[in-house]
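Enquirer: sequence unknown, structure follows:
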Ligand code: ADP
């Protein structure tokens, strides 16, 4: 089976969040279970890791806005699978990956270029795997072309929702310019009087998935569905939840090159050295007995940062450290700064995006806070589990599926979770975790349970293969 994966970001080339991790790891995982997968992604100014010395193709002709755009395409295998990177400086050489008024046009172009590339490099793939709103355009194009162009008759489309909150909405007048002139195409995009690339992908792809089972259920409910719940319910026999895996080549405390010492489930000594290095990095006094609570996050409303704000004073009153790495909304960044000024001997902050530091924090911290309002899957709680850092999470989306409350009597469970969006409930779990932390045997058991869990990509990849096969039936 041949599968083309399209994504706006993919590790190690580009990443702003979980989508990048997933799109980078999935093609490699698919190849490991025998699927001939390749990845297509834009070549940004920010792209890393690709040896982009010479283009593999320097004359890819793309029908675009009534003319022909000639693009270069670079090639890399830095993520363990064949990857084509589409170079179009007008669209992708920007100060950031996203956030421009014509993002819809940039990604419509990316989709159009990807289809031209797929056709150029060989026989039709069996599956075109599309990710998030950035790839909704290709879903519509293929559904349309299927009737006119024999090349596109057989490929089936799978559309994965990594976050329903991002929808790619734009003025429907623009559809003509982007090459979507037919009534079928226009109808696919139309959503509450505008065009939505996400809605289009959900409406016309052959199969849909979301990145965890609970999230797939949640977004079929009006309160979490962003007005698209009706469509997801309508398509529920084609819609499945597949929980993301994590890439143990990148996130493994036994081999992680960012760490001063290594450790694993049976020998956790190295974690203390990582803790020391982490405190040192943030110029905090070294007291290895005191727990470190950590947070690594995009600072947006989604992540429930208000709850962290509400519990911060009580948390610091216990004597614990708090270390946060994040960037995003200014009000949250300002809060972190104030907290650090208020308790400089307990609080460490880094405002910005820093992957190396993310690894050290996962390894050196004791507990990881993730009180998300909603969480499609969440990766950090799974990294935390692997690094013996006990997650304290809100029971939503993928957090519900991957974290189980620790039960002292049965010795089962890998962390702590609360359901109600309330700082009191969050605090209860924080105190429960602290209590366990000061009982070394109990703590060791929770860590063991988390560290020995298998959240590898292999499981997820097999589930995707099953989904791909279902498109044929
Ligand atoms: P989301 O995709 O909603 O941001 P996930 O938990 O699925 O949330 O994935 C977030 C990814 O981005 C993780 O790999 C996390 O380590 C990383 N990340 C988030 N913020 C930062 C940051 N400030 N610095 C480094 N890595 C970050």
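Expert: Done, it's in. Not measured: the values here are computed from a predicted model.
Enquirer: before we move on, what SS does residue 392 have?
Expert: Of the three states, residue 392 takes strand according to DSSP: H, G, I helix; E, B strand; the rest coil.
Enquirer: Please name the residues that touch the closest residue to it other than its chain neighbours.
Expert: Nearest non-adjacent residue to residue 392, counting by Cβ to Cβ, 6 or more residues apart in numbering: residue 416, 4.6 Å away. In this view, the C-beta of every residue, glycine as well, is placed from N, C-alpha and C. By Cβ atoms under 8 Å, 6 or more residues apart in numbering, the contact set of residue 416 is 390, 391, 392, 393, 403, 405, 406, 429, 430, 432, 433.
Enquirer: what's the farthest-apart pair in these?
Expert: Spatial extent of these (Cβ to Cβ) is set by the pair 403 and 430 at 14.3 Å.
Enquirer: the more surrounded of those two?
Expert: residue 403 (27 against 24; other Cβ atoms under 10 Å).
Enquirer: Not counting sequence-adjacent ones, nearest residue to the more buried one?
Expert: Excluding the flanking residues, the one nearest residue 403 by Cβ to Cβ, 6+ apart is residue 415, at 4.4 Å.
Enquirer: dump the residue contacts of the one you found.
Expert: 381, 384-385, 390-393, 403-406, 433, 446, 450.
Enquirer: and if you look at residue 10?
Expert: Residue 10 makes contact with 20, 23, 24, 39, 41, 79, 83 under the criterion Cβ under 8 Å, 6+ apart.
Enquirer: Give the PyMOL command for selecting the buried subset of these.
Expert: Buried members of the contacts of residue 10, defined by 16 or more other Cβ atoms under 10 Å, are picked up in PyMOL with:
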select buried, resi 20+23+24+39+41+79+83
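Enquirer: can you tell me which of the contacts of residue 10 are in strands?
Expert: Residues of those located in strands (DSSP state E): 39, 41, 83.
Enquirer: which non-adjacent residue is nearest whatever residue of the stretch 101-250 of the chain ends up closest to the ligand?
Expert: Residue nearest to the ligand within the stretch 101-250 of the chain: residue 163 (6.3 Å; Cβ to the nearest ligand atom). Of all residues not flanking residue 163 in the chain, residue 376 sits nearest, at 5.2 Å (Cβ to Cβ, 6+ apart).
Enquirer: That neighbour and residue 211 touch, don't they?
Expert: Yes - contact criterion Cβ atoms under 8 Å: residue 376 and residue 211 qualify, at 4.9 Å.
Enquirer: got any residues that touch both of these two?
Expert: 18, 161, 162, 398.
Enquirer: Quick one: those as a markdown table, columns for secondary structure and pLDDT too.
Expert: Output for these, formatted as a markdown table (DSSP: H, G, I helix; E, B strand; the rest coil; pLDDT from 0 to 100):
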| residue | secondary structure | pLDDT |
| --- | --- | --- |
| 18 | helix | 89 |
| 161 | strand | 98 |
| 162 | coil | 98 |
| 398 | helix | 98 |
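Enquirer: Neighbour count added to the residues you listed, as a markdown table?
Expert: Formatted as a markdown table, those follow (neighbours: other Cβ atoms under 10 Å):
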| residue | neighbour count |
| --- | --- |
| 18 | 21 |
| 161 | 24 |
| 162 | 23 |
| 398 | 27 |
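Enquirer: Can you lay out those as CSV showing distance to residue 45?
Expert: Putting the shared contacts of residue 376 and residue 211 into CSV (distance: Cβ to Cβ, whole Å) gives the following:
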residue, distance to residue 45
18, 22
161, 28
162, 23
398, 31
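Enquirer: Would you point out which residue of this structure is nearest the ligand?
Expert: For the chain, Cβ to the nearest ligand atom, closest residue to the ligand: residue 18, 2.4 Å.
Enquirer: Could you find the closest non-adjacent residue to that residue?
Expert: Closest to residue 18 by Cβ to Cβ, 6+ apart is residue 379, at 5.0 Å.
Enquirer: what's that neighbour in contact with, if anything?
Expert: Contacts of residue 379 (Cβ under 8 Å, 6+ apart): 18, 21, 244, 246.
Enquirer: Mark which of those residues are part of helices, please.
Expert: Residues of those located in helices (DSSP state H): 18, 21.
Enquirer: Which of the contacts of residue 379 ranks first by neighbour count?
Expert: residue 244 (26 neighbours).
Enquirer: Quickly note the distance from it to residue 287.
Expert: Relative to residue 287, residue 244 is positioned 36 Å away (Cβ to Cβ, to the nearest Å).
Enquirer: swap in residue 265?
Expert: In terms of Cβ to Cβ, residue 265 sits 25 Å off from residue 287.
Enquirer: quick one: which of the two has more around it?
Expert: For residue 265 versus residue 287, neighbours defined as other Cβ under 10 Å are more numerous around residue 265 (17 against 12).
Enquirer: per-residue pLDDT, residue 51?
Expert: pLDDT, residue 51: 67.
Enquirer: who are the neighbours in contact with residue 164?
Expert: With Cβ under 8 Å, 6+ apart, residue 164 has these contacts: 198, 210, 219, 224, 225, 226, 228, 376.
Enquirer: and those residues, which of them are in helices?
Expert: residue 198.
Enquirer: just the contacts of residue 164 now: which is nearest residue 254?
Expert: residue 376 (28.2 Å).
Enquirer: And that closest one, how far from residue 197?
Expert: Residue 376 is 17 Å from residue 197, by Cβ to Cβ.
Enquirer: one step back: select, from the contacts of residue 415, the two members most distant in space.
Expert: 384 and 405 (15.1 Å).
Enquirer: Of those two, give the one with the bigger neighbour count.
Expert: residue 384 (31 against 14).
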